[in-house]
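*Asks:* Give me coordinates for this.
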Amino acid sequence: MLDSTRQFIQAMDAKGIKHSDIETTESGKEAVTVTYTGDSMPSIRIRFFFHEDGEDVAIRVFNIVKVPEDKIDGFFRVVNEANRRFRFFKFVLDTDDNTVQAEMDAAFRTHDVGEICLELMARCVDICDKVYPDFMKALWA
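*Replies:* Modelled structure (predicted):
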């Protein structure tokens with residue numbers, strides 16, 4: 001297990017936060033999943049991908065919403081507005097499957113990794129939960 005992954009797991013365990021077992025991706029990254037229930041967004045499934053150098057993490061929330069083909073063009077504006085409104089995570093409309101995802105990459109050194117990732121996770125949950133009603137409103141408009 002990578003030291004960065006271990007620090008994050010220990011920080012979550014110390015706070016009683018449930019998480020998946022560590023998976024190793026085809027590219028050699030260690031992945032951990034945490035799922036929250038938001039006030040607006042029913043399920044916020046956050047994936048943490050720790051790079052083998054132990055100095056960075058890619059945080060992703062896939063499939064926030066699925067956008068119908070006829071709403072794709074207008075949805076770019078909604079995603080862009082979300083990106084202007086929120087600082088830490090960017091939202092991307094993946095045109096391969098017409099889904100919106102949240103993304104953040106963070107760099108760190110060998111200390112405080114657990115606390116850093118906990119803070120980023122809290123921000124991710126908050127931001128996704130706040131932007132979800134905007135995405136749903138655009139889907140139903």
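
*Asks:* Now name the helix or strand holding residue 126.
*Replies:* Using DSSP states H and E, residue 126 falls within helix 113-140.

*Asks:* List the buried residues for the longest strand anywhere in the chain?
*Replies:* Longest strand in the chain by number of residues (criterion: DSSP state E): strand 56-66. By neighbour count on 16 or more other CB atoms under 10 Å, the buried set for strand 56-66 is 56-57, 59-61, 64-65. (Glycine included, C-beta is placed from N, CA and C.)

*Asks:* by contact count, what packs against the helix or strand that it is followed by?
*Replies:* Following strand 56-66 in sequence order, the next helix or strand is helix 72-85 (DSSP H and E). Helix 72-85 is packed against strand 90-94, helix 113-140, with contacts defined by 3 or more CB pairs under 8 Å, 6 or more residues apart in numbering; DSSP states H and E.

*Asks:* do you know which of those lies nearest residue 49?
*Replies:* helix 113-140 (11.4 Å; CB to CB).

*Asks:* Averaged pLDDT, that closest one. What do you get?
*Replies:* For helix 113-140, mean pLDDT is 96.
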